[in-house]
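Novice: From the sequence below, what's the structure:
(one chain, ligands or ions: 1)
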Amino acid sequence: MNSKENPEKIYPAGYESTIKSQNDSNVRNQLLFEILKTSPTEFINTDLFTVMSKRRSTRKFSDKIVETVKIDKIIAAADTAPTAGNFQGFEIFYVKSSVKKQQLVEACNNQPYVNAPLVLVFCKNPSRVKFDFPEEILKKFAIQDATLAAAYSQLAAQALGLSSIWIGMFDEQKVMNVINTKLIPSSVLCIGYPKQDKFPKPRRNLKELVHVVWE
Ligand SMILES: Cc1cc2nc3c(=O)[nH]c(=O)nc-3n(C[C@H](O)[C@H](O)[C@H](O)COP(=O)(O)O)c2cc1C
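Specialist: Numbers count the residues shown, from 1 in each chain. Predicted structure coming up:
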């Protein structure tokens, strides 16, 4: 059987995609490429700035499951983020087990909303970053890679009518034990349908945010 007849080849064990994709090494982002060939399933305003203006952290999710087609898109979005040298110094742990999700609650300082319909742990993998730079630099690149990817997923979730909470408060070793990896996590992204829509939080005055370097 060749790879065209064996689409599972590109998916990790346990990943159930709606896209029965072919393994074509010429395609930059296989999952996204296949997604773009499908038509949208619902009408949502996906204008980037509209999506940004509506995003608000959510800690109360409804029980509604996140559809597989949306999970595909959220993961594909992470895979479009820029990475240092395109070495993609990060990995995603898609936590499906309800037992593991509950263990993650404890690993994340007992934050109950970590037990969300969709839980993605973004980990740094500096060993993928093949620059001849000091280890510290490679680690810095990997944390930026993982953070950007998670941010792309977070915005994608919003664009799909979902909401999310970014978790940075966790015990690294405990999270690593739960997901069974040696890679250090950078964030846990918890996603679901919000129980209620909330207005975005205010931000500081532009004068405090932007410093113009002009002479
Ligand atoms: C680096 C980082 C770490 C965060 N860690 C947590 C966390 O552990 N628990 C939590 O409830 N929210 C956490 N948040 C979410 C922030 O509290 C939230 O983004 C912030 O209050 C602004 O609200 P907004 O996202 O609705 O704009 C974190 C956000 C970031 C970017």
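
Novice: show me the contacts for the residue of the chain found nearest the ligand.
Specialist: Closest to the ligand within the chain is Gly168: 2.6 Å, counting by CB to the nearest ligand atom. (C-beta placed from N, C-alpha, C; glycine too.) By CB atoms under 8 Å, 6 or more residues apart in numbering, the residues touching Gly168 are Ser187.

Novice: repeat that with 10 Å
Specialist: Shown in contact with Gly168 (CB atoms under 10 Å, 6 or more residues apart in numbering): 108, 147, 150, 185-188.

Novice: Give me the subset of the residues you listed lying in strands.
Specialist: 185-188 (DSSP state E).

Novice: Tell me which two in the residues you listed are the farthest apart.
Specialist: Ser186 and Val188 (9.0 Å; CB to CB).

Novice: So if I had to pick from the two, which one is more boxed in?
Specialist: Neighbours were counted for Ser186 and for Val188 using other CB atoms under 10 Å; Val188 has more, 27 against 20.

Novice: Spatially nearest residue to that one, not counting backbone neighbours?
Specialist: Ile167 (4.0 Å; CB to CB, 6 or more residues apart in numbering).

Novice: Distance from the chain centre to the longest helix anywhere in the chain, please.
Specialist: Using DSSP state H to define each element, the chain has its longest helix at helix 135-159. Taking CA atoms, centre = their mean, to the nearest Å, one finds helix 135-159 lying 8 Å from the centre of the chain it belongs to.

Novice: And it, what does it pack against?
Specialist: In terms of contacts (3 or more CB pairs under 10 Å, 6 or more residues apart in numbering; DSSP states H and E), helix 135-159 is packed against helix 48-54, helix 68-78, strand 90-95, strand 118-124, strand 163-167, strand 185-192.

Novice: hang on, the earlier thing: common neighbours of Ser186 and Val188, please.
Specialist: Contacts common to Ser186 and Val188, judged by CB under 10 Å, 6+ apart, are 121-123, 150, 168.

Novice: before we move on, the earlier item: can you lay out the contacts of Gly168 as a markdown table showing pLDDT and distance to the ligand?
Specialist: As requested, the contacts of Gly168 are exported to a markdown table (pLDDT from 0 to 100; distance: CB to the nearest ligand atom, whole Å):
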| residue | pLDDT | distance to the ligand |
| --- | --- | --- |
| Cys108 | 98 | 7 |
| Thr147 | 98 | 8 |
| Ala150 | 98 | 9 |
| Pro185 | 98 | 12 |
| Ser186 | 98 | 9 |
| Ser187 | 98 | 7 |
| Val188 | 99 | 8 |
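
Novice: what two of those residues are the furthest from one another?
Specialist: So, the contacts of Gly168 by CB to CB: farthest apart are Cys108 and Thr147, at 16.8 Å.

Novice: okay, these two: which has more neighbours?
Specialist: Applying other CB under 10 Å to Cys108 and Thr147 shows that Cys108 carries more neighbours, namely 25 against 18.

Novice: list the contacts for that one?
Specialist: Contacts of Cys108 (CB under 10 Å, 6+ apart): 114-115, 119, 121, 167-171, 174-175, 178, 185, 188, 190.

Novice: No more questions from me, cheers.
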